[in-house]
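Q: got a predicted structure here, sequence first:
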Amino acid sequence: MKWYYWVPICWISVNVFVVALPLVGRLLVARQAARKSTRSIMAGSSVVGDN
(Lines give C-alpha, C1' and ligand atoms only; values in the text may rest on other atoms or scores of the structure.)
Protein backbone atom coordinates (compact mmCIF):
# COMPACT_ATOMS: atom_id res chain seq x y z
CA MET A 1 0.00 0.00 0.00
CA LYS A 2 1.16 3.49 -0.78
CA TRP A 3 1.58 5.94 2.07
CA TYR A 4 -1.33 8.16 1.06
CA TYR A 5 -3.74 5.24 1.52
CA TRP A 6 -2.98 5.37 5.23
CA VAL A 7 -4.05 9.03 5.61
CA PRO A 8 -7.84 8.45 5.37
CA ILE A 9 -7.52 5.23 7.37
CA CYS A 10 -5.79 7.08 10.21
CA TRP A 11 -8.26 9.97 9.95
CA ILE A 12 -11.28 7.63 10.14
CA SER A 13 -9.77 5.67 13.03
CA VAL A 14 -9.11 8.91 14.95
CA ASN A 15 -12.69 10.05 14.33
CA VAL A 16 -14.05 6.68 15.48
CA PHE A 17 -11.86 6.86 18.59
CA VAL A 18 -13.03 10.40 19.40
CA VAL A 19 -16.67 9.36 18.95
CA ALA A 20 -16.30 6.11 20.90
CA LEU A 21 -14.44 7.65 23.85
CA PRO A 22 -17.42 9.55 25.40
CA LEU A 23 -19.70 6.56 24.69
CA VAL A 24 -17.34 4.24 26.58
CA GLY A 25 -17.09 6.81 29.36
CA ARG A 26 -20.88 6.95 29.65
CA LEU A 27 -21.03 3.16 29.74
CA LEU A 28 -18.46 3.03 32.53
CA VAL A 29 -20.28 5.73 34.51
CA ALA A 30 -23.60 3.91 34.01
CA ARG A 31 -22.02 0.65 35.20
CA GLN A 32 -20.59 2.33 38.30
CA ALA A 33 -23.95 3.98 39.02
CA ALA A 34 -25.71 0.63 38.56
CA ARG A 35 -23.24 -1.03 40.92
CA LYS A 36 -23.78 1.68 43.53
CA SER A 37 -27.57 1.48 43.22
CA THR A 38 -27.57 -2.32 43.48
CA ARG A 39 -25.25 -2.13 46.48
CA SER A 40 -27.50 0.41 48.22
CA ILE A 41 -30.59 -1.66 47.38
CA MET A 42 -28.92 -4.81 48.73
CA ALA A 43 -27.79 -2.95 51.85
CA GLY A 44 -31.29 -1.55 52.39
CA SER A 45 -32.92 -4.94 51.92
CA SER A 46 -30.44 -6.57 54.30
CA VAL A 47 -31.16 -3.89 56.92
CA VAL A 48 -34.91 -4.39 56.45
CA GLY A 49 -34.46 -8.15 56.65
CA ASP A 50 -32.44 -7.87 59.88
CA ASN A 51 -35.14 -5.73 61.42
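A: Received it, and whenever you're ready, just let me know what you need.
Q: burial of residue 19, as a residue count?
A: Residue 19 has 9 neighbours, counted by other CB atoms under 10 Å. Where C-beta positions appear, they are placed from N, C-alpha and C, glycine not excepted.
Q: hmm, I typed the wrong one, I wanted residue 25.
A: That count, for residue 25 with other CB under 10 Å as the rule, works out to 10.
Q: the helix or strand where residue 19 lies: how far from the chain's middle?
A: Under the criterion of DSSP states H and E, residue 19 resides in helix 6-50. Distance of helix 6-50 from the chain centroid (CA atoms, centre = their mean, to the nearest Å) equals 3 Å.
Q: from the contact counts, what lies against that helix?
A: Contacting helix 6-50 under the criterion 3 or more CB pairs under 8 Å, 6 or more residues apart in numbering; DSSP states H and E is no other helix or strand.
Q: I'd like the mean pLDDT over it, please.
A: Averaged over helix 6-50, pLDDT sits at 83.
Q: mind starting the numbering at 84 from now?
A: Done: numbering now begins at 84, and the last item shifts to helix 89-133.
Q: next, find the distance separating the residue most central in space within the chain from residue 90.
A: The residue lying closest to the centre of the chain (CA atoms, centre = their mean) is residue 110, at 2.6 Å. Residue 110 sits 30 Å away from residue 90, going by CB to CB, to the nearest Å.
Q: cool, residue 98 as well?
A: Distance from residue 98 to residue 90, by CB to CB: 13 Å.
Q: re the thing from before, how far away is the residue nearest to the centre of the chain from residue 84?
A: Look at residue 110 and residue 84: by CB to CB, they are 34 Å apart.
Q: repeat for residue 91
A: For residue 91 relative to residue 84 (CB to CB), the value is 12 Å.
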